[in-house]
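> just need the structure, nothing else, for what follows:
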Amino acid sequence: RKSLPGPAAEFAHLSLPDPVMGAINTDSAAYFISLTSANGLTSWSRVLDVDSKEGFSLNIFSPISDHLSYSLKDPQGNEVDLAKYGTETFWPIWDSTEQTAKGMSYNVVTSNDGEYVLTISSAKPLAALNTIMAGQTGQKVDIKHGYVVLYNAGTDRIFSHLAGYTQQQGDQVGLVSRMYDSAPHAMLGLGEAPLALPDTVKTAYLEAVFPDGHRLKKPMHDDGLHSDGAANDGVFGGSFAATEVGAYTVQATLQGNNANGPFIRTAQHLVQVIPRSVQLTTHAFGTIADNLLTVHLDVSGDANALPTFRGYFQLWGKTTAGADVAVGWFSSLEDVETVGGKSVISLDVDTAWIARAGAVAPFQLRDVYLQDVSTWVPVSRVAAIDLELSAGVAAQLQAAVSAKLSAGYNGAITKAMREGVAPPMANGTNGGKLILLHGYCADKNPFQVYPEDWTDALFYYRGSKESMTHDEYAQRAVQFAADNGLSSFGLVGHSQGGIVTLHTLNYYHTGLDAATGNRKIQSLASPYLGNTAAGSTADLGAVFGLGCGSNYDMSRDGAVLWYAGIAKESIAQANYYTTQYDKGGLFGKGWCNMLVNAILNAPNDGTTEIVWATLPDGGNHRQHFVGQCHIDGMNWPASYFDHARNQEMSKEAAR
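Next up, the predicted model:
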């Protein structure tokens, strides 16, 4: 594992993100189908508020669709001929071309807005349908029989985010949501919160689906008392107690009236709740050896609840005149260890950073925090901790700094200062290879479709669809390189695999550091900052019994929490390509997959949204392609079918 320091100019990038950075904005509404039985009839009915003069898209998914019939009545009570508008389609389950949620999409071009009524019914008894659902999907608690997504071709959208990153068992998890007019905002940037539309929302609530499957509905308020800003400002807040560890889907629903009449919008959040583990105390002490000051952060609590943490702090000292001076930031992935009889998390500081700042004792740690590496959820945070140095350690530290300066150190930031000293690497029998990584929940390595496009390449795939966090995936990729005897290698990744190339470069000493050539890491269609549809995909996976489990790293919140740990030095080495649909299709705006397009921000490739595929702090955006999609089977060819780009990436790759 690398030690990751940087200068004070990067403090803002490395601090924990504001939850607004993980916000979701969409112009759709999603509902679970929960059939009930009454008077011998099995049915579910819902009023659908259509507030667009252009039309709407009604999308219905159910594993038991063969046993269901659909009826839609317009605001005047007339039956809508759904057969006239219906198209069979699917919802992609991440990067799998085999696991898909089949459904029907009804794209209705009409100016007839207002309250439509959708009724879904079955001739079968409810008990029989529940038995089928349980057998096909494994649902046992609060069975959900399907999923409906309504897309309005309008400008009013919902903007929703977590109230804070308090996501340990027993914490209150809050949502903050508002309606806004998207017309003045071509695309909301990272951390940009739009002005709320006043006096439009009449009903607001959240609904949480717990890890065990049960649901809880709570009201949201615009009273200034629920993390919602000022009272009556159009921003609504609400919360619930996260009593279980695991993955939740939490939906915010806003209903009301706009210029076209009644409306409804929903936003689906994926929320990961972790067990309570260690907590930072207000004590830290230092030891020194080999020009490294090791800072030991005292922790209390259950050191076994979580295996690995990302530690972070800013180091501050004093000038010789007694003024505060920032030394830099320091971070690394660490396990809890015992030093001097204390449970600690230890991070190294190269004394060259102290020499560069001209700092002397006393030292203080600021903005100290720990994250769980499996989710990046914050575990503990302390504003400031005075660093305790014994007289002997303080003298050794001063001597080490003086020796650096006497040796002519000129303040330049070296590779060793940026990454720490690499451990001795095993001598590989092979070098100069390119490793290609697949995406999340993939049923194959997509680059292996055209192996002739790649030279000196190895295709990573374990042969099974599974969920891996970024860190788990990175460790497996590194082990794959070791198993193949590679002393040096480059990385190319599709989707999550591309994110993992950056994670590996950032956190681990590997043969990637020894690679020679133009580009050590490259990615294609990678959602670095998450995916708006992560919550909806989790919902659909639960309904259909599909997917690879939840992966918080791929959600909007999990992604921005992960990104906070990526050094700018690493980001500068990222090379990435993005793709999107061409025009045409739904309302003439284009799509790769018409169903998921109802949730995602435009433009997108059917999974990855361009706004969240763009690295905000540098990197090298090599090219953006129009008319390519994320996986095979979508409305345009899959991006990994592009021979010319594949060959370019192979040619430019370091090995």
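
> the strands in the stretch 201-350 of the chain, which residues?
Using DSSP state E, counting those that start in this stretch, the strands of the stretch 201-350 of the chain run over 201-209, 215-219, 235-241, 246-258, 261-273, 278-289, 292-301, 309-318, 324-334, 337-339, 342-350.

> okay if I get those strands as CSV plus mean neighbour count and distance to Pro7?
(Each C-beta comes from the backbone N, C-alpha and C, glycine too.) Shown next, in CSV, are those (neighbours: other Cβ atoms under 10 Å; distance: least, Cβ to Cβ, whole Å):
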stretch, mean neighbour count, distance to Pro7
strand 201-209, 20, 41
strand 215-219, 14, 44
strand 235-241, 22, 37
strand 246-258, 21, 37
strand 261-273, 24, 32
strand 278-289, 18, 21
strand 292-301, 21, 17
strand 309-318, 22, 11
strand 324-334, 20, 5
strand 337-339, 12, 28
strand 342-350, 22, 13
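
> turn the ones you listed into JSON lines, including mean pLDDT and distance to Pro75.
Formatted as JSON lines, the strands of the stretch 201-350 of the chain follow (pLDDT from 0 to 100; distance: least, Cβ to Cβ, whole Å):
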{"stretch": "strand 201-209", "mean pLDDT": "97", "distance to Pro75": "18"}
{"stretch": "strand 215-219", "mean pLDDT": "96", "distance to Pro75": "27"}
{"stretch": "strand 235-241", "mean pLDDT": "98", "distance to Pro75": "27"}
{"stretch": "strand 246-258", "mean pLDDT": "96", "distance to Pro75": "14"}
{"stretch": "strand 261-273", "mean pLDDT": "96", "distance to Pro75": "9"}
{"stretch": "strand 278-289", "mean pLDDT": "97", "distance to Pro75": "56"}
{"stretch": "strand 292-301", "mean pLDDT": "97", "distance to Pro75": "57"}
{"stretch": "strand 309-318", "mean pLDDT": "98", "distance to Pro75": "53"}
{"stretch": "strand 324-334", "mean pLDDT": "98", "distance to Pro75": "56"}
{"stretch": "strand 337-339", "mean pLDDT": "96", "distance to Pro75": "66"}
{"stretch": "strand 342-350", "mean pLDDT": "97", "distance to Pro75": "60"}
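
> of all the ones you listed, which one is nearest Val492?
Of all the strands of the stretch 201-350 of the chain, strand 324-334 sits nearest to Val492, with 23.7 Å by Cβ to Cβ.

> tell me what angle the closest one forms with strand 292-301.
Using axes from the mean of the first three to the mean of the last three Cα atoms, to 10 degrees, the inter-axis angle of strand 324-334 relative to strand 292-301 is 70 degrees.

> would TSV of the strands of the stretch 201-350 of the chain with distance to Ala403 be doable?
TSV is the format used below for those (distance: least, Cβ to Cβ, whole Å):
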stretch	distance to Ala403
strand 201-209	57
strand 215-219	61
strand 235-241	54
strand 246-258	51
strand 261-273	46
strand 278-289	12
strand 292-301	13
strand 309-318	17
strand 324-334	17
strand 337-339	25
strand 342-350	13
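
> which one of these lies nearest to Ala481?
strand 324-334 (18.5 Å).

> and the strand or helix carrying Gly490, what other elements does it pack with?
Assigned by DSSP states H and E, Gly490 falls within strand 489-494. Using 3 or more Cβ pairs under 8 Å, 6 or more residues apart in numbering; DSSP states H and E, the elements in contact with strand 489-494 are strand 433-437, helix 496-507, strand 521-524.

> how big is the angle separating it from helix 496-507?
Relative orientation of strand 489-494 and helix 496-507, computed by the same axes, to 10 degrees: 140 degrees.

> shaky segments in this protein?
Where the chain drops to pLDDT under 70, the residues are 141, 425-429, 543, 546-547, 585-589.

> pull the longest helix from it.
Ranked by residue count, the top helix of the chain under DSSP state H comes out as helix 391-406.

> re the thing from before, of the strands of the stretch 201-350 of the chain, which is nearest Leu486?
Closest among the strands of the stretch 201-350 of the chain, once you apply Cβ to Cβ, is strand 324-334, at 22.1 Å.

> hmm, back to that, orientation of the longest helix of the chain relative to strand 292-301 in degrees?
Using the same axes, to 10 degrees: helix 391-406 against strand 292-301 is 140 degrees.
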